[in-house]
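Participant: would you be able to build a 3D model of this:
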Amino acid sequence: MTTTAHPTTDPAITPVLIRLKLSLLRNGLRQSTGRRAAYIASVTVALLFAALQLIGLVALRDNAHVATVCVLLVGVLALGWAVMPLFFPSGDETLDPTRLVMLPLRPRPLVRALLVASLVGIGPLFTLCLAAGAAVALAHGPAAAVTGVVAVALTLLVCVALARAVAAANIRLLTSRKGRDLAVLSGLVIAVGAQVVNFGAQKLGSSGLSTLDPAADVVRWIPPSAALGAVHSVSEGAYATAAAQLILTAAALLALLTLWQRSLTRLMTTPDGSTLAAAEPDKGTSRTSGALGGLLPAGRTGTVMERSLRYVWRDPKTKAAWVTSLAIGLIVPLFNALQGTGSVYFACFAAGMLGVLMYNQFGQDTSAFWMVAMTISSTRDAYVELRGRALALLLITLPYAALVTVLTTALLGDWPALPEVLGLSFALLGAMLATGAWSSARFPYSIPQEGYKNVAPGQAGLAWISIFGGMVAAALLCAPVLALTIWLHASGEASWSWLLLPLGAVYGATITELGMRLAAPRLARRLPEILTAVSKG
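Facilitator: The predicted structure is shown next:
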């Protein structure tokens, strides 16, 4: 008697992954009351915003620019789906396919199951509401309504597949130190995006939606906006154009699924790069370990400068602080200048943002500050330590503040004011370095290495006193230069304002030197207290 062998089939893993995602969500909410409250609040806000957006899009149904608004909104939404996995990789545990590597799963059914499971959540529901509102606003007639149903489904699937494909293709990056750097910098992206949205809203308020029509003509052919563009094309009787837009969207979905499947196959069949790096003795060693040393001063000053610059490049929290200060210091004066409401004196904001980085210098060392403390045996050692940290900051801050000032002046066309603004910036920077050195020795606090908090629990008061108290003191120290600037303009002697450039530079250098001299004895005496304060994170 012979038996017939039946081919093995892949088990139905789609329901399993859906239940897994729901279990992850449920167990996450059980961890703490705060997390449960935050989730409920986020769901409420997202649903309320989605409902308002749905109603708003339906209300625009007969507006002449409704197609422009709908295709651009969907385009921005798709961009958000593509970017968010890079900055919030830990927001959804199922985004990491390497957790499934040890299971006997094939890439194709896994892609199908993960795609369906990805439709469970706040993001897909929000996308569904927006796409449905856009389809209702654009559909006129039974054919357009049918096309709208297909367009909404394609839009949702393309957005979810885009996020999954991006996450799978970059999962090695997202789980590395560089990926954690991206997560820390997510707040900066949101801040910059808010400034861009604010600038765009002001431009639209003054010129109207018609200025967006050229951009919409291009975006309506880019998936998934092309699917909503097909609804508008059917409403206008352009059936061939609508068919081309739907085919283009479907092709994009197929391409994303193929890319996603290939990324999963590569992840499940190649070893982890971190284990390979550990096995290679020469791998990962710094090839430029002596590059900085040859350009910096000799002795302790150069060593301190090199250590501070390496913190800027390697430490996620320090890097986030620097990038945030650099970006906001540039955005505020330039965006105000572009809007026509700025002043050339706004360029001093860059020096102020970068000067804040001098505060709490020892907090970035955390418990490793003991190695620094062991090398400080006198007031002279403390002074050189503070001077090296200040010089490392100035190495980046001085040219950057000058660049922001020149750019702001160029946008406003107020070139006669350039010398005095540079002088004010240098004086402000010197005052903040002086107060920052003293504040670092007097009010140190710990910076947690994990999470998004920049102050250890129980030390928030120290942080407020250190930063805001120092900023007020720096403003008072700048009062002589500021008073001289006001007097020159009030007395009609503005032609002599160019003297503020050398005077501000000399004043800033002098006040920085005095601040270091005053802070050094306090630093030398308070080494144990500083070590205790910065080790609480």
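Participant: please make it C-alpha for all contacts and neighbour counts, starting now.
Facilitator: Will do.
Participant: state the mean pLDDT of stretch 131-139.
Facilitator: For stretch 131-139, the mean pLDDT works out to 90.
Participant: mind saving the C-alpha coords of that stretch as CSV?
Facilitator: C-alpha atoms of stretch 131-139 as CSV (Å, rounded to 0.1, in the frame of the first residue of the first chain):
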residue,chain,number,x,y,z
ALA,A,131,-8.4,59.3,2.7
ALA,A,132,-12.1,58.8,3.1
GLY,A,133,-12.7,62.5,3.6
ALA,A,134,-10.6,63.3,0.5
ALA,A,135,-12.5,60.7,-1.6
VAL,A,136,-15.9,62.1,-0.5
ALA,A,137,-14.7,65.7,-1.3
LEU,A,138,-13.5,64.7,-4.8
ALA,A,139,-16.1,62.2,-5.9
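Participant: list of residues touching it?
Facilitator: Contact with stretch 131-139 is made by 53-55, 57-62, 66-67, 70, 74, 145, 148-149, 151-152, 155-156, 228, 231-232, 234-235, as judged by Cα atoms under 8 Å, 6 or more residues apart in numbering.
Participant: and Ala382, which helix or strand is it part of?
Facilitator: In the assignment (DSSP states H and E), Ala382 maps to helix 379-412.
Participant: what's the answer for Ala533, then?
Facilitator: With DSSP H and E as criterion, Ala533 is part of helix 527-534.
Participant: which parts of that helix are buried?
Facilitator: Leu527, Ile530, Leu531, Thr532, Ala533, Val534 (16 or more other Cα atoms under 10 Å).
Participant: same check, this time on stretch 337-349
Facilitator: Result for stretch 337-349 [16+ other Cα under 10 Å]: buried residues Ala337, Gly342, Val344, Tyr345, Phe346, Ala347, Cys348, Phe349.
Participant: can you put these in JSON lines and add distance to Ser439?
Facilitator: JSON lines is the format used below for those (distance: Cα to Cα, whole Å):
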{"residue": "Ala337", "distance to Ser439": "33"}
{"residue": "Gly342", "distance to Ser439": "32"}
{"residue": "Val344", "distance to Ser439": "30"}
{"residue": "Tyr345", "distance to Ser439": "26"}
{"residue": "Phe346", "distance to Ser439": "25"}
{"residue": "Ala347", "distance to Ser439": "25"}
{"residue": "Cys348", "distance to Ser439": "21"}
{"residue": "Phe349", "distance to Ser439": "20"}
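Participant: and which of those residues is nearest to Ile328?
Facilitator: Ranked by distance to Ile328 (Cα to Cα), the buried residues of stretch 337-349 are led by Phe349 at 8.7 Å.
Participant: my guess is the closest one contacts Ala327, does it?
Facilitator: No. Contact criterion Cα atoms under 8 Å: Phe349 and Ala327 do not qualify, at 11.2 Å.
Participant: what residues are shared contacts of those two?
Facilitator: Common neighbours of Phe349 and Ala327 (Cα under 8 Å, 6+ apart) do not exist.
Participant: can you give the domain ranges for this protein?
Facilitator: 14-271, 300-534 (automatic domain parsing).
Participant: tell me which of those sits most buried.
Facilitator: Mean neighbours per residue, mean count of other Cα atoms under 10 Å, is largest over the domains of the chain for domain 300-534, with a mean of 20.
Participant: end-to-end on that one?
Facilitator: Domain 300-534 has an end-to-end distance of 22 Å (criterion: Cα to Cα, to the nearest Å).
Participant: what does stretch 478-498 give?
Facilitator: For stretch 478-498, the separation between the terminal residues is 17 Å (Cα to Cα).
Participant: chain center to that stretch: distance?
Facilitator: 39 Å (Cα atoms, centre = their mean, to the nearest Å).
Participant: could you give the mean pLDDT of that stretch?
Facilitator: 85.
Participant: can you tell me what sits against it?
Facilitator: Under Cα under 8 Å, 6+ apart, the answer for stretch 478-498 is Ala417, Pro419, Glu420, Leu424, Ala427, Leu428, Ala431, Leu500, Gly504.
Participant: okay, and the helix or strand of this structure with the least pLDDT?
Facilitator: helix 273-279 (a mean of 47; mean pLDDT, DSSP states H and E).
Participant: mind giving me the packing neighbours of the helix or strand that it is followed by?
Facilitator: The first helix or strand that comes after helix 273-279 along the chain, using DSSP H and E, is helix 300-314. If you count contacts as 3 or more Cα pairs under 8 Å, 6 or more residues apart in numbering; DSSP states H and E, helix 300-314 packs onto helix 316-338, helix 379-412.
Participant: now those in CSV, with distance to Pro444 and mean pLDDT?
Facilitator: CSV is the format used below for the helices and strands packed on helix 300-314 (distance: least, Cα to Cα, whole Å; pLDDT from 0 to 100):
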stretch, distance to Pro444, mean pLDDT
helix 316-338, 15, 82
helix 379-412, 14, 91
